[in-house]
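how would this look folded up:
(one chain, ligands or ions: 4)
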Amino acid sequence: MNQVDYLRISLIDRCNFRCQYCMPEGAELDYILKQQLLTDEELLTLLQFVFIPLGFTRFRLTGGEPLLRPRVAQLVHAIANLPQTEDISMTTNGFLLAPMAQNLYDAGLRRINISLDSLDPDTFEQIIGNHGRGRWQHVWQGIQAAYRVGFDPLKLNVVVIPGVNDHEVLDLAALTIDKEWHVRFIEFMPIGNSQLFGDRGWVSSAELRQSIRDRWGLTESQVCGNGPADVFQIPGAKGTIGFISQMSECFCDRCNRMRLSADGWLRPCLLNETGQIDLKTSLRAGISTTELRDQVREVLTIKAEINFKQRDSGTVGTYTRTMSQIGG
Ligand SMILES: Nc1nc2c(ncn2[C@@H]2O[C@H](COP(=O)(O)OP(=O)(O)OP(=O)(O)O)[C@@H](O)[C@H]2O)c(=O)[nH]1
Ligand SMILES: C[S@@+](CC[C@H](N)C(=O)[O-])C[C@H]1O[C@@H](n2cnc3c(N)ncnc32)[C@H](O)[C@@H]1O
Ligand code: SF4
Ligand code: SF4
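Ligands and ions are numbered 1, 2, ... in the order given. Take a look at the predicted model:
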């Protein structure tokens, strides 16, 4: 069995974007009330006394939009300074990143994944919901700032949606030629917007790889990371191209992660709601961290059975929490 040592931590379920594939405008989401959010102190208690003793050493901060979490750099600093932390990273939409990049780096964050679904500001705004102009420029500045500050590897996440941004795949791939940026194409999962997904809302990684290979050639490569991406490189390019293929391939047999929601629910699998436990309520009820550790250990022992198995059916049913609430 794989060692499960990677925890994706959602810091907040709210977001300043309304990406069509994640939390489309008009979707009625029940936001977590402030008093239901795990506090910094509670999160650190769970990490130090529950997760780390069970072998977790790699942590990713996500959301919603993690940069909306108050005092996020302080939290990064605290997690980065736990002696057992081997890796701390963040997934962000980059909108608030430019003025925060240096602080986050100084706090101990060294690598960051930024979502960028299009190089065209109009298409970008269509994808993220029209909230006023200039959002693409802000994100682009965030990416440049992160690069300048020294985040390494710097990864760009692209969810490929047929008819919306799939015609930009080669342009996005070309970013890796001159810059040490790592572009990853993600197959759209039908969580969040089944209407947009339609009958087959995703483009297979194999198809994208072929079009990139036809244009430049493609060789296998590597980049530091804990996730499911298959990594390639255009010959001679500075950066790499990754493919996250949850619809067309199965990487569940190498699953090394669990997820903690902003309100303290532990979720063993992104695509299966079985086996979740409410750590926050237990912690607030005074249940000892030793007991909580036993509960999490129990989840770990059954995780392999919970891991997603309905891959063959092609789609993934209905979920009570969307990607923004789970953290991707
Ligand atoms: N099905 C599935 N998809 C995942 C899983 N982990 C990540 N993904 C997909 O990959 C996307 C990008 O993930 P990121 O937040 O950038 O993290 P990562 O790829 O694990 O990070 P690295 O450590 O940099 O490799 C997510 O939004 C999901 O769509 C997983 O465990 N299962
Ligand atoms: C839920 S977001 C949270 C972090 C941050 N707000 C961001 O967008 O990077 C994490 C990742 O999930 C991806 N994502 C969201 N909805 C998705 C879907 N339906 N299918 C595939 N990936 C999705 C996003 O593109 C992003 O890379
Ligand atoms: S993908 Fe990220 S930026 Fe887009 S709506 Fe979801 S949480 Fe927000
Ligand atoms: S779908 Fe579930 S089991 Fe498969 S890789 Fe993702 S979290 Fe792990």
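
so, in contact with ligand 4 or not, stretch 57-74?
No - Stretch 57-74 lies out of reach of ligand 4 by Cβ under 6 Å from any ligand atom, never closer than 12.6 Å. From N, CA and C alone the C-beta is placed, and that goes for glycine too.

show me the shaky parts of the stretch 51-200 of the chain.
Along the stretch 51-200 of the chain, segments meeting pLDDT under 70 span 132, 199-200.

tell me which stretches of it form strands.
Using DSSP state E, counting those that start in this stretch, the strands of the stretch 51-200 of the chain run over 58-62, 87-92, 111-115, 154-160, 181-187.

any idea of the angle the second one forms with strand 154-160?
Between the axis of strand 87-92 and that of strand 154-160 there is an angle of 40 degrees, by axes from the mean of the first three to the mean of the last three Cα atoms, to 10 degrees.

partners of strand 87-92, with directions?
Strand pairing for strand 87-92, using DSSP bridges, gives strand 58-62 (parallel), strand 111-115 (parallel).

need those in TSV (columns: distance to Gly198 and mean neighbour count).
Output for the strands paired with strand 87-92, formatted as TSV (distance: least, Cβ to Cβ, whole Å; neighbours: other Cβ atoms under 10 Å):
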stretch	distance to Gly198	mean neighbour count
strand 58-62	27	23
strand 111-115	22	23
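
so which of these is nearest Gly327?
Closest approach to Gly327 among those (Cβ to Cβ): strand 58-62, 3.9 Å.

anything in that closest one near ligand 3?
No - counting by Cβ under 6 Å from any ligand atom, ligand 3 has no neighbours in strand 58-62; the shortest distance is 8.0 Å.

so which bits of the stretch 51-200 of the chain are right by ligand 1?
The stretch 51-200 of the chain comes close to ligand 1 at residues 60, 62, 89, 91, 113, 155, 157, 186, as judged by Cβ under 6 Å from any ligand atom.

from Cys15, how far out is Gln233?
Distance, Gln233 to Cys15, using Cβ to Cβ, to the nearest Å: 32 Å.

then Gln246?
For Gln246, the distance to Cys15 (Cβ to Cβ) stands at 21 Å.

so which other helices or strands are in contact with the longest helix along the chain?
Longest helix in the chain, counting residues (DSSP state H): helix 289-306. Here helix 289-306 touches helix 40-46, strand 257-260, strand 277-278, helix 279-284, going by 3 or more Cβ pairs under 8 Å, 6 or more residues apart in numbering; DSSP states H and E.

average pLDDT for the helix or strand following that helix, rounded please.
Using DSSP states H and E, the next helix or strand after helix 289-306 towards the C-terminus is helix 323-326. Across helix 323-326, the average pLDDT comes to 92.

renumber starting at 27 from here on
All set: I'll call the first residue 27, so the last point we hit is now helix 349-352.

anything in helix 349-352 near ligand 3?
Yes - judged by Cβ under 6 Å from any ligand atom, helix 349-352 comes into contact with ligand 3 at 349-350.

if we can go back for a sec, just the C-alphas of the longest helix of the chain, formatted as PDB.
This file holds the C-alpha atoms of helix 315-332, laid out as PDB (Å, rounded to 0.1, in the frame of the first residue of the first chain):
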ATOM      1  CA  THR A 315      -5.700  14.400  20.200                       C
ATOM      2  CA  THR A 316      -4.700  10.800  21.000                       C
ATOM      3  CA  GLU A 317      -8.200   9.700  20.300                       C
ATOM      4  CA  LEU A 318      -8.400  11.800  17.200                       C
ATOM      5  CA  ARG A 319      -5.200  10.200  16.000                       C
ATOM      6  CA  ASP A 320      -6.700   6.800  16.500                       C
ATOM      7  CA  GLN A 321      -9.700   7.900  14.400                       C
ATOM      8  CA  VAL A 322      -7.500   9.100  11.600                       C
ATOM      9  CA  ARG A 323      -5.400   6.000  11.800                       C
ATOM     10  CA  GLU A 324      -8.600   4.000  11.300                       C
ATOM     11  CA  VAL A 325      -9.400   6.000   8.200                       C
ATOM     12  CA  LEU A 326      -5.900   5.400   6.900                       C
ATOM     13  CA  THR A 327      -6.400   1.600   7.200                       C
ATOM     14  CA  ILE A 328      -9.600   1.700   5.100                       C
ATOM     15  CA  LYS A 329      -8.500   4.300   2.600                       C
ATOM     16  CA  ALA A 330      -7.500   1.800   0.000                       C
ATOM     17  CA  GLU A 331     -11.000   0.500  -0.100                       C
ATOM     18  CA  ILE A 332     -12.500   4.000  -0.200                       C
END
